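Q: Coordinates only, no sequence provided:
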């Protein structure tokens, strides 16, 4: 699953550490999310959307072809 976490974070001039602190996760988690190596739990996906002030669908790109 692709995501726009890095772009949304950079739009707000937040560091990976700042975002990690807002979500109560490690910086390594943010790095893994941004690189697409880690699919978040539904709770974390929701928390990301809340922190960015947008819908989950704006944060994550669901590629149906990849999921099949």
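A: Arrived safely. Keep in mind it's a predicted model, so treat the numbers as computed, not measured. Numbers count the residues shown, from 1 in each chain.

Q: Any regions of this structure where pLDDT drops low?
A: 64-68 (pLDDT under 70).

Q: need the helices for it, in chain order.
A: 5-11, 16-23, 27-34, 42-52, 56-59, 64-67 (DSSP state H).

Q: Take those helices and lay them out in TSV including mean neighbour count.
A: (Each C-beta comes from the backbone N, C-alpha and C, glycine too.) Below are the helices of the chain laid out as TSV (neighbours: other CB atoms under 10 Å):
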stretch	mean neighbour count
helix 5-11	15
helix 16-23	16
helix 27-34	17
helix 42-52	15
helix 56-59	14
helix 64-67	7
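
Q: Now do the contacts for the nearest residue to residue 49 once chain neighbours are set aside.
A: Take residue 49 and drop its neighbours on the chain: the residue closest to it by CB to CB, 6 or more residues apart in numbering is residue 56, 4.5 Å away. For residue 56, the contacting residues are 45-46, 48-49, by CB atoms under 8 Å, 6 or more residues apart in numbering.

Q: ok, residue 56 to residue 3 distance?
A: Distance, residue 56 to residue 3, using CB to CB, to the nearest Å: 10 Å.

Q: Equivalent analysis for residue 34, please.
A: From residue 34 to residue 3 the distance is 7 Å (CB to CB).

Q: Just name the closest of the contacts of residue 56 to residue 14, please.
A: Comparing those against residue 14 with CB to CB picks out residue 48 as the nearest, at 11.9 Å.

Q: I'd guessed the closest one sits against residue 25; true?
A: No. Residue 48 lies out of contact with residue 25 (CB atoms under 8 Å); the separation is 9.8 Å.

Q: Can you tell me, leaving aside adjacent residues, what's nearest to residue 36?
A: residue 2 (6.3 Å).

Q: was I right about that neighbour contacting residue 61?
A: Yes. At 4.2 Å, residue 2 counts as touching residue 61 under the criterion of CB under 8 Å.

Q: need the contact list for the closest residue to residue 62 other than its chain neighbours.
A: In space, residue 62 comes closest to residue 1 once its chain neighbours are excluded; the distance is 6.4 Å by CB to CB, 6+ apart. The contact partners of residue 1, taken as CB under 8 Å, 6+ apart, are 36, 39, 60-63, 66.
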